[in-house]
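[1] Sharing a model that was predicted from the sequence below.
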Amino acid sequence: MFLKELSEARGVSSREQEVRDLIREYIKPHVDEVFTDSLGNLYGVKGKEKKGPKVMLAAHMDEVGLMITSIEKNGLLRFLPVGGIDPRVLVSKPVFIGKEKVAGVIGAKAIHLQKPEERTQVLGFDDLYIDIGASDEDEAKKLVKIGDVATFTTVFGKLGDLCVGKAFDDRAGCTALVELTKLEFNCPVYFVFTVQEEVGLRGAGPAAYRVNPDFCLVLEGTTASDVAGTDEEGYSTTLGEGPAVSVMDRSVIAHPKVVGRLFRLAEENGIPLQNKRTITGGTDAGVIALSREGVPTATVAVPCRYIHSPVTVMNQSDLEHMIKLTELFVHDIAEKGVEN
Amino acid sequence: MKELLQRLTQAYGPSGSEDKVREIIKAELPGYETKTDALGNLIVEKKGSKNKIMFSAHMDEIGIIVTHIDKEGFLRFDFVGGVNPFHLPGERVEFKNGTLGVIGLEKLDKISDLTKANLYIDIGAENKEEAMKLVRVGDFASFTSPFIDLGNKVVSKAMDNRSACAVLIKLMQELPETQNHIVAVFTVQEEVGLRGARTAAFGVDPDYGIALDVTATGDTPKAMTMEVGLGKGAAIKVKDNSLLTHPYVKDKLIELAEQNNIPYQMEVLEFGGTDAGVIHLSRSGVPSGVISIPCRYLHGRSEMLDTRDLEAALALAKAFAKADLK
């Protein structure tokens, strides 16, 4: 699996090229056709001529990040988030900026210099800046342009049975999709790697319009809240208990037959599967389901702690189970159709 | 109309689970070939040679979804559509399989602390295991509340929007041959963001769109300022947060109401939206409007309307269906 490589690749919304190039190389040997559309969505097509329902499997390539909005006279960079980032996770984090991977750190006033009341304040984006070691504005401008984006520098690693890295939302889904291209199915399958999910599900709509599928499954990395500070009834998903299926979130109500079928297949094959128990957030499924005359759609996701921060933590077995379940599900659809 | 209204409003149908409502409607329209699309919209057509008019009425109602079942068998939940948590303590819910439950409230210091996190559903189970035989996480439920007949006024849950479903059923039952091509769409998932109407409009590709839906009123003690009131006729929408009614459609509706002596009132709604909000933006744009049914206590368990307004809405819909449109 390419989880490490995909996690470490940089792909803030609209700048997904590095991720796209990697995925294109990985899937090329396994699919009949590879192409990119005008927004940057990447498609791998397999078995186009086969009979049976046209299945679309989707995962988004982009991750949350930062965009440089101005360069100060002293050479420090101001920025705003691209996608949903909690400013509290940013202070003191190293970042890479732009294509040239300029190194920087996110700075703020040191504790010694803060007044007592400042120490109790949460630092907002206005209080933070990126320091790239430039001595003034001119020197900074040689390295960075306004509009460049920054990503976290997190290196993939292991924490016991769990793994840690950046952007498992949604490189976990991308990894699963890459693995699935290696399999053979008795129906046409479109593997779609979408852009700009984190800024409002923008790539997936045009992609679904183009593919015009009979059915779609979205593979995601989703919130796990099985941690301190949350009562059990507030848990969204739990690591190690299998992938999570969303019955409903802010963007979509999953097709009821699809959810029942996923649980049945999981049970018959001894694959753990959990409900996502909160209805927050949205995924590409929200726009895919509403494409053209409507598409039966559902989302299955790997539970990830601390998403939208520099470190996400997940259990690789949940990813492996998601791949297996998706495989079984597509076989089931190829055999019995969408409506059964 | 009242009998049909009672059956429709009492049916179970939170957003995404409209099957039972759909079956009632299908049974009411035996003369038609009906089609159910990928999202569950029910589409009923009466062919004609002139303009294609799409009438829509949403089948879904607000409800709840189970998010957690605790050791003692109590259920935690979140909302499906716009639910006011202050309406909920003491209310009853019904699951698709018929399981009933009541909504309880944790002890609070101040009632203003109430949020959905303090509420739970008690289905009478002794423990988690027993509860899970009846209900699973991810199951939907609707609220329950009996239908009451107060003369001209009637009260029930889900008047929003089964009352408009009743009007649209009657329209298709009573519609004479028309030049226009009439497509009635009973839509899904309106309450969670006008979702069914979006895909239905793409499929139907109409020349005109008319949504039938309930609207708020300003005719109760210390109500917000709003002209619309019960018993004053069908409401012709001018705007809400999803739509500025197409001027041609609005003027045509007024003209038809005047010509046919149909009681009507103008509606300017400062919030909310209807299926027309997405129908008018479908493909390259569809001139659209809304015939509204005034309704008190919206999104509560006792929504009240006046059946004379329903008759007026039906008469106006019929007139528009038959109209010679440009």
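    Structure received.
[2] The closest residue to chain A within the stretch 151-300 of chain B: how many residues sit nearby?
    In the stretch 151-300 of chain B, the residue that lies nearest chain A is B:Thr199 (3.4 Å; Cβ to the nearest Cβ). Using the backbone N, CA and C atoms, a C-beta is placed for each residue, glycine as well. Neighbouring residues of B:Thr199 were enumerated by other Cβ atoms under 10 Å in any protein chain shown; the total is 26.
[3] Doesn't it belong to a strand?
    No. With DSSP: H, G, I helix; E, B strand; the rest coil as the criterion, B:Thr199 is located in helix rather than a strand.
[4] With adjacent residues omitted, what lies nearest to it?
    A:Gly294 (3.4 Å; Cβ to Cβ, 6 or more residues apart in numbering or on different chains).
[5] what sits against the one you found?
    The contact partners of A:Gly294, taken as Cβ atoms under 8 Å, 6 or more residues apart in numbering or on different chains, are B:37-39, B:41, B:196, B:199-200, B:203.
[6] Which residue ranges of the stretch 1-150 of chain A form helices?
    Taking DSSP state H, counting those that start in this stretch, the helices of the stretch 1-150 of chain A run over residues A:3-8, A:17-27, A:116-119, A:137-143.
[7] can you redo those as TSV with mean neighbour count and mean pLDDT?
    Listed next are the helices of the stretch 1-150 of chain A as TSV, based on neighbours: other Cβ atoms under 10 Å in any protein chain shown; pLDDT from 0 to 100:
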stretch	mean neighbour count	mean pLDDT
helix A:3-8	20	97
helix A:17-27	19	98
helix A:116-119	8	81
helix A:137-143	15	96
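[8] Point out where the stretch 201-340 of chain A drops to low pLDDT.
    The stretch 201-340 of chain A contains residues with pLDDT under 70 at A:340.
[9] how about the residues of it near chain B?
    Counting by Cβ under 8 Å from any Cβ of the partner chain, the stretch 201-340 of chain A comes close to chain B at A:232-235, A:247-248, A:252-253, A:255-256, A:259, A:275, A:277-279, A:289-296.
[10] and those, which are buried?
    A:233, A:235, A:247-248, A:252-253, A:255-256, A:259, A:275, A:277-279, A:289-291, A:293-296 (16 or more other Cβ atoms under 10 Å in any protein chain shown).
[11] Filter the residues you listed down to the ones in helices?
    When DSSP state H is applied, those are split such that A:256, A:259 fall in helices.
[12] Okay, and which of the buried ones among the residues of the stretch 201-340 of chain A next to chain B map to strands?
    Among these, the members falling in strands (DSSP state E) are A:Asn275.
[13] Might you enumerate the residues of chain B proximal to chain A?
    So chain B meets chain A at B:15-17, B:37-39, B:41, B:65, B:67-68, B:70, B:76, B:78, B:80, B:117, B:136-138, B:189, B:192, B:195-196, B:198-200, B:202-203 (Cβ under 8 Å from any Cβ).
[14] Spatially nearest residue to B:Gly203, not counting backbone neighbours?
    Using Cβ to Cβ, 6+ apart, the nearest residue to B:Gly203 is A:Glu293, at 3.9 Å.
[15] Apologies, that question was intended for B:Gly229.
    B:Asp219 (3.5 Å).
[16] confidence score at that neighbour?
    At B:Asp219, the predicted lDDT confidence score is 96.
[17] Specify the stretch among the helices of the stretch 1-150 of chain A that is closest to B:Thr178.
    Nearest to B:Thr178, of all the helices of the stretch 1-150 of chain A, is helix A:17-27, at 52.8 Å by Cβ to Cβ.
[18] name the helices or strands packed onto the closest one?
    Contact analysis of helix A:17-27 by 3 or more Cβ pairs under 8 Å, 6 or more residues apart in numbering or on different chains; DSSP states H and E lists helix A:3-8, strand A:33-36, strand A:42-46, helix A:168-180, strand A:189-194 as its packing neighbours.
[19] Just put those in JSON lines and tack on distance to chain B.
    Shown next, in JSON lines, are those (distance: least, Cβ to the nearest Cβ, whole Å):
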{"stretch": "helix A:3-8", "distance to chain B": "28"}
{"stretch": "strand A:33-36", "distance to chain B": "25"}
{"stretch": "strand A:42-46", "distance to chain B": "21"}
{"stretch": "helix A:168-180", "distance to chain B": "21"}
{"stretch": "strand A:189-194", "distance to chain B": "17"}
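[20] Correct me if wrong: B:Thr67 contacts B:Val80.
    No. Shown here, B:Thr67 and B:Val80 do not form a contact pair, counting by Cβ atoms under 8 Å, at 11.3 Å.
[21] returning to that earlier point: how much space between the residue nearest to B:Gly229 and B:Met226?
    To B:Met226, B:Asp219 is 8 Å away according to Cβ to Cβ, to the nearest Å.
[22] And for A:Ala103?
    A:Ala103 is 59 Å from B:Met226, by Cβ to Cβ.
[23] now A:Asn186
    Distance from A:Asn186 to B:Met226, by Cβ to Cβ: 58 Å.
[24] again, but for B:Asp37
    For B:Asp37, the distance to B:Met226 - Cβ to Cβ - is 35 Å.
[25] Give me the more crowded residue out of these two.
    Using other Cβ under 10 Å, the more surrounded residue of B:Asp37 and B:Met226 is B:Asp37, with 19 against 16.
[26] And the more buried one, what's its pLDDT?
    95.
[27] what ranges do the strands span in the stretch 1-150 of chain A?
    A:33-36, A:42-46, A:55-60, A:65-71, A:77-82, A:94-97, A:102-107, A:129-131, A:149-152 (DSSP state E, counting those that start in this stretch).
[28] that older thread, need the contacts of A:Gly294 in a markdown table (columns: secondary structure).
    Supplementary listing: the contacts of A:Gly294 in a markdown table, determined by three-state DSSP:
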| residue | secondary structure |
| --- | --- |
| B:Asp37 | coil |
| B:Ala38 | coil |
| B:Leu39 | coil |
| B:Asn41 | coil |
| B:Gly196 | helix |
| B:Thr199 | helix |
| B:Ala200 | helix |
| B:Gly203 | helix |
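[29] So which of those wins on neighbours?
    Going by other Cβ under 10 Å, B:Gly196 tops these with 31 neighbours.
[30] That one reaches B:Gly40, doesn't it?
    Yes. Counting by Cβ under 8 Å, B:Gly196 does reach B:Gly40; the two are 6.9 Å apart.
[31] which residues touch stretch A:123-131?
    Surrounding stretch A:123-131, the residues in contact under the criterion Cβ under 8 Å, 6+ apart are A:66, A:68, A:72, A:76-81, A:87-88, A:90-91, A:95, A:97, A:104-109, A:150.
[32] Would you quantify the distance from the most centrally placed residue in chain A to B:Pro221?
    For chain A, A:Asp170 is the residue whose C-alpha lies nearest the centre (Cα atoms, centre = their mean; 1.9 Å). Applying Cβ to Cβ, the value for A:Asp170 to B:Pro221 is 52 Å.
[33] try B:Ala321
    38 Å.
[34] okay, these two: which has more neighbours?
    A count of neighbours by other Cβ under 10 Å puts B:Ala321 above the other of B:Ala321 and B:Pro221, at 23 against 4.
[35] So the more buried one: helix, strand or coil?
    In three-state terms, and counting by three-state DSSP, B:Ala321 is helix.
[36] pLDDT score assigned to it?
    If you check B:Ala321, the pLDDT there is 97.
[37] domain assignment for the chain?
    Picking chain A for this. With domains defined by automatic domain parsing, chain A comprises A:3-63+A:166-336, A:65-152.
[38] try again with chain B
    Per automatic domain parsing, the domain ranges recorded for chain B read B:2-61+B:157-322, B:63-143.
[39] among the ones you listed, which is nearest B:Asp149?
    domain B:2-61+B:157-322 (6.4 Å).
[40] Could you tell me the end-to-end distance of the closest one?
    End-to-end distance of domain B:2-61+B:157-322 (Cα to Cα, to the nearest Å): 25 Å.
[41] circling back: okay but the residue nearest to B:Gly229 is in contact with B:Leu230, surely?
    Yes. If you go by Cβ under 8 Å, B:Asp219 and B:Leu230 touch, sitting 6.1 Å apart.
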